[in-house]
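S.K.: build me a model:
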Amino acid sequence: MRTAVLAATIDILDEDGLAALSIEQVAHRSGVAKTTIYRHWPGKPDLVVDAIGSMHDPMPTPNTGDLHADLRECFHGVRDTELQSRFGRIIPDLLAASQRDPEYAQLHKRLTAERKQPLRTVLELAQLRGQLRADVDLDDAADLLIGPLLARTLLSRTPSDEKFLELIIATVVRGLSPEG
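M.R.: Coordinates of the predicted model:
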């Protein structure tokens, strides 16, 4: 039952968007009664939170000792499993809803923190190894790395190739390194 409901919710989010999602549609598509859905998910935001949360596994935190290699691995995970997938098509809708609805804003904040944590850990380990300046704010550094990737993917709708990923990584690492 749970799997069918979450799959139907994701399908509707991907095909029609968050505004079009209704418990009635999910019930119809999943074959699960509305009363059963409401028993497990009191409202649409609860269902969306659970559905989006079910779309991906936790991101691994690379730790090779080489900041550049670790960042490359983080970016490949985000690019390949999230931005170029259903998740990447659904997130802009969630972002828009989070501007107007506190429940979706909370969901967006939680998802962002979860997805940013491996990158932040990679940066923290690099800082402890002396590969980043001690005065670098790790959240700011993570945003500097993520920003161009998101801008290219979500705003210009252009895929990020290896050359672009390398440009982001090299530029930020060079700028934040003790020698930078």
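
S.K.: hey, let's count contacts and neighbours off CA atoms from now on
M.R.: Fine.

S.K.: any low-confidence regions in the chain?
M.R.: 57, 77-85, 180 (pLDDT under 70).

S.K.: centre-most residue in it?
M.R.: Nearest to the geometric centre of the chain sits Arg115, at 5.1 Å (C-alpha atoms, centre = their mean).

S.K.: show me what secondary structure element comes after the helix or strand where that residue lies.
M.R.: For Arg115, the host element (DSSP states H and E) is helix 102-128. For helix 102-128, the following helix or strand on the C-terminal side (DSSP H and E) is helix 138-150.

S.K.: got the contact list for that following helix?
M.R.: The contact list for helix 138-150 (C-alpha atoms under 8 Å, 6 or more residues apart in numbering) reads 116, 119-120, 123-124, 160, 165, 168-169, 172, 176.

S.K.: return the closest of those residues with respect to His76.
M.R.: Using C-alpha to C-alpha, the shortest approach to His76 within those belongs to Leu165, at 8.6 Å.

S.K.: what's the local residue count around Lys44?
M.R.: A count of nearby residues for Lys44, using other C-alpha atoms under 10 Å, gives 16.

S.K.: I'd guessed it sits against Ile23; true?
M.R.: Yes. Using C-alpha atoms under 8 Å, Lys44 is in contact with Ile23, at 6.7 Å.

S.K.: Met59 and Pro102, how far apart?
M.R.: Shown here: Met59 relative to Pro102, a distance of 26 Å by C-alpha to C-alpha, to the nearest Å.

S.K.: and the angle from the helix holding Arg115 to helix 138-150?
M.R.: When axes from the mean of the first three to the mean of the last three C-alpha atoms, to 10 degrees is applied, the directions of helix 102-128 and helix 138-150 differ by 110 degrees.
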